[in-house]
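Undergrad: Okay, predicted coordinates and the sequence, questions at the end:
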Amino acid sequence: MSLIEKPQSSPEREAYYQKIDKQNYSALWNVLSGIVTPTPKSDCIPHLWEFAPARELLMEAGGLITAKEAERRVLILQNPGLRGQSRITTSLYAGLQLVLPGEVAPAHRHSQSALRFVMDGGGACTAVNGERTLMEVGDFVITPPQAWHDHGNDSDTPMIWMDGLDIPMLSFFDASFAEGLGEDMQEITKPTGDSLARYGANMLPVDFERKGLASPIFNYPYARTREALETMRRRDEWDPCHGLKMRYVNPVDGGWAMPTISPFVQLLPKGFKTAPYRSTDATVFSVIEGSGTTTIGNTTFHWKPKDIFVVPSWYPVVHEPGEDAVLFSYSDRVAQQKLGIWREARGDH
Ligand code: 1HN
């Protein structure tokens with residue numbers, strides 16, 4: 001038996017395989033090398049989506065269907081190696097959502113976790129669990145599993161954000177539940193800014209009891225994030241593979257902000273070239289500021305603000321910003337870590 005080579009065929013063996021197939025068996029020795037591989041093998045391939053053409057296509061959709069009729073007016077980012085599967089990596093979904101001025105995306109809830117990463121426009125709102133938040137470019141917003149959520153745009157500009165969901169993960173586990181509220185908007189029971197004040201100011205209510213695994217903060221505003229990065233950079237401690245990379249946390253326990261998706265933000269200063277890095281969590285990147293290149297395996301992608309690119313599991317990655325750059329990213333690292341399977345390698349091995 002070999003992990004790498006498939007045994008040779010013979011007429012007797014083929015007859016045997018046909019016989020066992022009829023009884024719902026198959027021979028492990030014929031498939032072993034394909035299912036237990038020496039290193040990760042994925043149909044997910046590296047790819048970059050430029051923002052400008054995506055925005056044009058979204059605006060065209062804006063003339064074809066309302067947010068309400070569509071439920072969510074979203075263009076799914078299809079990984080070219082996983083077409084037709086509504087996924088950007090094997091375990092994660094990504095889409096670009098447009099909400100036009102005056103529109104609402106009606107209230108619903110589902111077992112999938114969602115993140116929003118705001119890309120274009122400003123001043124649209126999302127409501128989660130009875131609280132509304134204004135969304136600005138660069139904000140990272142969470143919709144926890146089974147939380148009622150609806151979106152509205154009272155501003156005078158179209159608003160576009162990236163949605164990141166764990167849809168493929170939940171479908172792998174056959175654990176999808178979803179329902180509509182039957183109303184456009186849920187009832188608002190809390191003042192805007194309540195959760196950020198209550199849970200995001202280095203304090204917690206004295207008798208706080210957690211509900212669920214997601215962070216009780218649901219908007220991590222970019223203004224705060226950016227200021228923190230700018231203050232930290234003065235110490236000039238750069239990780240060779242990541243520059244200055246932070247993870248968004250749940251203040252309740254210091255763990256990840258979401259139960260199934262790991263969100264990150266990193267600053268890469270001008271002139272910095274990262275050392276090769278790979279990890280088993282395929283990662284979706286969205287450029288917030290700056291331009292540069294990222295080499296994923298043998299392919300080099302040129303990026304600028306609002307572009308999105310995907311790094312599959314175990315591909316070596318090298319970032320080379322042409323100017324100070326800030327990248328948002330998300331992956332399934334938290335899920336892999338909970339299962340004890342996450343792995344990384346630094347440098348050229
Ligand atoms: C969803 O609820 C949203 O709330 C966006 O904005 C995209 C894709 C699939 C399933 C639910 C949203 C979604 C989604």
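TA: Arrived safely, thanks for sending.
Undergrad: Need the nearest residue in space to residue 299, chain neighbours excluded.
TA: Distances taken as CB to CB, 6 or more residues apart in numbering place residue 46 nearest to residue 299, at 5.5 Å, with adjacent residues excluded. Yep, even glycine has a C-beta here, placed from its N, CA and C like the rest.
Undergrad: and the one you found, how many neighbours?
TA: Close neighbours of residue 46, defined as other CB atoms under 10 Å, add up to 22.
Undergrad: so who does it touch?
TA: 296, 297, 299, 301, 309, 310, 311, 312, 315 (CB atoms under 8 Å, 6 or more residues apart in numbering).
Undergrad: could I get the residues you listed as a markdown table with pLDDT and distance to residue 155?
TA: Output for the contacts of residue 46, formatted as a markdown table (pLDDT from 0 to 100; distance: CB to CB, whole Å):
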| residue | pLDDT | distance to residue 155 |
| --- | --- | --- |
| 296 | 98 | 36 |
| 297 | 98 | 40 |
| 299 | 98 | 38 |
| 301 | 98 | 32 |
| 309 | 99 | 28 |
| 310 | 99 | 30 |
| 311 | 98 | 33 |
| 312 | 98 | 36 |
| 315 | 98 | 39 |
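Undergrad: Among these, which one lies nearest to residue 73?
TA: Closest approach to residue 73 among the contacts of residue 46 (CB to CB): residue 310, at 22.1 Å.
Undergrad: which of the contacts of residue 46 count as buried?
TA: By neighbour count, with 16 or more other CB atoms under 10 Å, the contacts of residue 46 hold 296, 301, 309, 310, 311, 312, 315 as buried.
Undergrad: Contacts for the one helix or strand the third one maps to next, please.
TA: Okay, so that is residue 309. In the assignment (DSSP states H and E), residue 309 maps to strand 308-311. Residues outside strand 308-311 that contact it (CB under 8 Å, 6+ apart): 44, 46-49, 51, 77, 79, 88-89, 94, 162, 282-287, 294, 296, 301, 303, 317.
Undergrad: go again using 6 Å as the cut-off
TA: For strand 308-311, contacts defined as CB atoms under 6 Å, 6 or more residues apart in numbering pick out 47, 48, 49, 88, 283, 284, 285, 286, 296, 301, 317.
Undergrad: Also stretch 62-72?
TA: 73, 97, 98, 99, 100, 103, 105.
Undergrad: what does this protein put close to the ligand?
TA: 72, 74, 95, 97, 105, 110, 114, 149, 151, 163, 165, 167 (CB under 6 Å from any ligand atom).
Undergrad: Pull the most distant pair out of those.
TA: Among these, 151 and 167 lie farthest apart (CB to CB), at 17.9 Å.
Undergrad: between the two, who's got more neighbours?
TA: Set side by side, residue 151 and residue 167 show more neighbours around residue 151, with 26 against 23, by other CB under 10 Å.
Undergrad: In three-state terms, label that one for me.
TA: strand (DSSP: H, G, I helix; E, B strand; the rest coil).
Undergrad: Now for the residue lying closest to it once chain neighbours are set aside: which residues touch it?
TA: Closest residue to residue 151 apart from its sequence neighbours, by CB to CB, 6+ apart: residue 105 at 4.1 Å. When contacts are counted by CB under 6 Å, 6+ apart, residue 105 touches 67, 72, 151.
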